[in-house]
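Engineer: 3D, please:
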Amino acid sequence: MSRPLSRKILYGLEEPVFDRLPQSVIANFDRPRSENALLWNIFYPRSKPHLNWRSLAALQPEWGTTLRLTREPDDDLNPYFWGYHISGDRLEGLDRILAEVDGPGPKTEIDLLLRGSSKLVVVEAKNTSGLGRCSRYQAGRCPEIHAPEEGAYDPCRYWEVGAGQMSVELELGNRPIPGSPSPACHRHYQLARTLLVGSALARDLGLELHMWLLLPRRSWRAFKPTWLDFARRVRDEALWRRLRVLAWEELQSYSV
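Structural biologist: Residues are numbered from 1 along each chain as shown. Predicted structure coming up:
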C-alpha cells in the first residue's frame, strides 16, 4: 500500500506504521474533524520515545477516580495505534484475542492501546461520532430478539459461554428473548467489546487493565448518561476504579 498523503497527518508521515494500517483507518484521516487525525496528532509527537504513565495519570479527568500517584509505580507506555506500533509491529497476542472474543465476524478495532511493563490502557476515542451500538439489533436481526419463528436458532456469541460472553465482565440483566425491550448489550456494544478484548489481552500479557474514553469537553454532557450506565455495570470494582473519561483539551496539556 502506498503511503497516505493526507494533509491532516501533521507528524510522522514517514513512519512504517502507515504501511500497515488498514485502508479504513487511513481513509478516516481525510474526514472532517477526523478522530483518527486527532488521535495521531496528539499522541504521536508525545510518544518519543514513550509516554509516561504518571504524567498521563495526573491529568484531570472529566470522570474517574483520582489516582494516588505517590503509590503508583511509574511505567513507560508504548503506543499501539489501531493495534500497530509506530514501527509497524502488531501488538503481541492481539489478533489471537480478537479471534477468540469476536469470532469469525468483523473484529473490534481499539483506537489506541498503551502497553507498559505493568499496565495496559485501552482507549476509545471520539470527536464527532457517538458510541457504537449493535448494528444487527438496529437492523432488526438480533438473533436473540428477532429470531425467526421457524428455522435454526443461531445464538449471539456475546451471550454464549466463552471468550466473548459480555455478562462475565458486565451486569447486563437477563438474556434477551423475543419481545424484549432494547437490551443493554445493544446500547453498550462498542464499549463492551472493547472491555472484553482489553480484559482478555491484559490477562494474557499479565498486565493491569485501564480503560479510557477520550472526547471533546463540550461533548461530555451528552455522553455522560451512557457512560455512567456502562460504568455501573462493570463487575470488577478494582477495574471500575481504573475507568476514566478524559477531554482532548486536557491531553493537549500533556508533555513528556
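Engineer: can you pull the buried residues of stretch 20-37?
Structural biologist: 20-21, 25-26, 28-29, 34-37 (16 or more other C-beta atoms under 10 Å). Glycine gets a C-beta too; all of them are placed from N, C-alpha and C.
Engineer: Kindly report the same for stretch 46-62.
Structural biologist: So for stretch 46-62, counting by 16+ other C-beta under 10 Å, buried means 46-47, 50-53, 56-57, 61-62.
Engineer: Return the closest of these with respect to residue 206.
Structural biologist: residue 53 (16.4 Å; C-beta to C-beta).
Engineer: ok, now how distant is the closest one from residue 104?
Structural biologist: From residue 53 over to residue 104 the distance is 36 Å, taken as C-beta to C-beta, to the nearest Å.
Engineer: Looking at the buried residues of stretch 46-62, which two lie furthest apart in space?
Structural biologist: 50 and 62 (24.9 Å).
Engineer: Identify the residue nearest residue 128 in space, chain neighbours excluded?
Structural biologist: residue 33 (5.0 Å; C-beta to C-beta, 6 or more residues apart in numbering).
Engineer: what's the burial count for the residue lying closest to residue 109 once chain neighbours are set aside?
Structural biologist: Nearest non-adjacent residue to residue 109, counting by C-beta to C-beta, 6+ apart: residue 82, 6.1 Å away. Residue 82 has 21 neighbours, counted by other C-beta atoms under 10 Å.
Engineer: same deal with residue 173?
Structural biologist: Residue 173: 12 neighbours (other C-beta under 10 Å).
Engineer: Any stretches of this structure with poor pLDDT?
Structural biologist: Residue ranges of the chain with pLDDT under 70: 1-5, 68-70, 72, 148-153, 255-256.
Engineer: May I see the buried residues of the longest helix along it?
Structural biologist: Longest helix of the chain, by residue count under DSSP state H: helix 189-205. Residues of helix 189-205 classed as buried: 189-202 (neighbour count, 16+ other C-beta under 10 Å).
Engineer: One more: stretch 133-141?
Structural biologist: For stretch 133-141, the neighbour count (16+ other C-beta under 10 Å) marks 133-134, 136-137 as buried.
Engineer: So what touches it?
Structural biologist: 142-143, 145-146, 182-183, 185-187, 189-190 (C-beta atoms under 8 Å, 6 or more residues apart in numbering).
Engineer: And for stretch 85-102?
Structural biologist: Residues contacting stretch 85-102 (C-beta under 8 Å, 6+ apart): 12, 15-17, 19-20, 44, 47, 78-80, 83-84, 107-108, 113, 115, 157, 162-164, 193, 196-197, 200-201, 204-205.
Engineer: quick revisit: after the longest helix of the chain, next one along is what?
Structural biologist: strand 208-215 (DSSP states H and E).
Engineer: Off-centre distance for whatever helix or strand comes next after that next one?
Structural biologist: Next helix or strand after strand 208-215 toward the C-terminus (DSSP H and E): helix 220-233. Centroid separation for helix 220-233 versus its chain: 15 Å, with C-alpha atoms, centre = their mean, to the nearest Å.
Engineer: what's next to helix 220-233, contact-wise?
Structural biologist: So helix 220-233 is contacted by 62-63, 126, 130-131, 170-172, 184, 187-188, 191-192, 213, 215, 240, 243, 245, 247 (C-beta under 8 Å, 6+ apart).
Engineer: Show residues contacting stretch 166-176.
Structural biologist: Contacts to stretch 166-176, defined as C-beta under 8 Å, 6+ apart, come from residues 142, 144-145, 158-159, 183-185, 188, 192-193, 195-196, 199, 230, 233-236.
Engineer: And the buried ones among the residues you listed, selectable in PyMOL?
Structural biologist: Filtering the contacts of stretch 166-176 down to the buried ones (16+ other C-beta under 10 Å) takes a single PyMOL command:
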select buried, resi 142+144+145+158+159+183+184+185+188+192+193+195+196+199+230+233+234
